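Undergrad: Model the structure of this input:
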Amino acid sequence: METKLTASGAWLQQHRWVTDSLVSILVLGYEAMYIALVSYQRGLGPGAIAAFIAAVAMCAVFPLRRRWPLVTFGIVSVAAWGLLLLGLGLSPGSMTMSALLLFTLATRFGWTVVASALAAVCVWAVVGGLAFIEAGMMRIGEVGVIVLAAVCVAMFGVAARHRRGRLEALRERADQLARERDAQAAISAAEERARIAREIHDIVSHSLGTMVVMADGAARTAESAPQEASRAMARVRDTGREAMAEMRRMLDVLRDDEAALRAPQPGLDSLERLLEENRATGMRVDLTVTGSPVELPTGVDLAAYRIVQEALTNARKHGGPLLSLVMVAITYRDAVIDLRIADDGAGVNAEAPASRSGHGLVGMRERVTAYGGWLKTGPRPQRGFEVHAVLPIGGTT
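TA: So this is what the prediction gives:
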């Protein structure tokens, strides 16, 4: 909701007194010329000096209108009446300053103050206009135009005040929505971390159980089959290293007090079953595997499976009627596994533009970050949506 300003505009916004001072100087210069002309034509004498002092006072207090608007309006009104009594009539400077101060009050105060100020300006304009009418210098209709102009200025000020109030309300609403969105994102991230923690708990528990079984077998065969015992202990060592790596990641993940799930966790070896489940819904899913598949660390294997699963779920939920194909590409490289899941559905141009930015992507990002990888999601150039994730195969040791 905020309007972007140029460097000069931002400076003037912070130093409004510069603009007010410039207006004061210009109005004072014009008013001085008007006083000199009237004094020359009518021979005001000492009254010209008094009129000039009143004009200076009226213009000098104008920059204070933002801090003391009511006091400034009072001084300008007194100076305008002084110029009127000195024979200057409705001088251009007094009309300009009265209009500007009336607008200022209308943007700051309620109807009581605005109506009082408007009445004071109208009375001054009518009294000053009568002198011009008697001298044949103005018609009554022109006085009416001045009064109508004062009313319009007050209305413009009131409209500006209401508009500013609406903008402030919209800005507060936008800030509130942003806070709620951030809070919801934090809750989603916490829930996803808890789920990841439960899964890692299963992985570590499984690894430790395996180590206990292998160590027990090695202890029993240490004397009768030392070579078998040595190989068993080597497997214990490798399993222990992997469990330690998973435990380090678990320390960085928040989890709740719910009991950990006991079901075995899936991996990419279960991917074909997952694809068949999605194909059974009528969605076409093509799988491409590039490179030589290798045995992945358990946590990385699970994270890869969950990323593909969530991407397929998003495609099915948000692809819309245009969805006809989902392409899953898995590439094994020396040190990483590359996952790309792309569809040709509605992408982010669907009825809910932010539909793809919910909890699913939060979960993907948490998983990828936990294993030192990176994730990129977004619309495809032509149509559809793409999820691209890269996970280190070696993991954190």
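Undergrad: got a list of what the closest residue to Lys376 other than its chain neighbours touches?
TA: Nearest non-adjacent residue to Lys376, counting by C-beta to C-beta, 6 or more residues apart in numbering: His388, 4.6 Å away. In short, each C-beta sits where N, CA and C put it, glycine included. The contact partners of His388, by C-beta atoms under 8 Å, 6 or more residues apart in numbering, come to Asp338, Leu339, Arg340, Leu375, Lys376, Thr377.
Undergrad: quick one: which of these is most hemmed in?
TA: Leu339 (25 neighbours; other C-beta atoms under 10 Å).
Undergrad: Check which helices and strands whatever helix or strand that one lives in sits against.
TA: Using DSSP states H and E, Leu339 sits within strand 336-343. Contact here means 3 or more C-beta pairs under 8 Å, 6 or more residues apart in numbering; DSSP states H and E; on that basis strand 336-343 packs against helix 298-318, strand 326-332, strand 385-392.
Undergrad: now stretch 117-129: how far from the chain's centre is it?
TA: 48 Å (C-alpha atoms, centre = their mean, to the nearest Å).
Undergrad: actually stretch 175-189, not the one I wrote
TA: 12 Å.
Undergrad: Show me what counts as buried in it.
TA: Ser188, Ala189 (16 or more other C-beta atoms under 10 Å).
Undergrad: What distance do you get for Met137 to Ala57?
TA: To Ala57, Met137 is 26 Å away according to C-beta to C-beta, to the nearest Å.
Undergrad: Give me the nearest residue to Gly291, chain neighbours excluded.
TA: Tyr332 (3.4 Å).
Undergrad: Point out where the stretch 1-150 of the chain drops to low pLDDT.
TA: 1-15, 44, 135-136 (pLDDT under 70).
Undergrad: For Asp216, identify the helix or strand it belongs to.
TA: Going by DSSP H and E, Asp216 is part of helix 140-221.
Undergrad: mind checking the SS state of Gly372?
TA: Secondary structure state of Gly372, per DSSP: H, G, I helix; E, B strand; the rest coil, is coil.
Undergrad: Verify the stated contact: it with Ala389.
TA: No - judged on C-beta atoms under 8 Å, Gly372 makes no contact with Ala389 at a distance of 12.0 Å.
Undergrad: So those two - more neighbours on which side?
TA: Ranked by neighbour count (other C-beta under 10 Å), Gly372 and Ala389 place Ala389 first, with 25 against 15.
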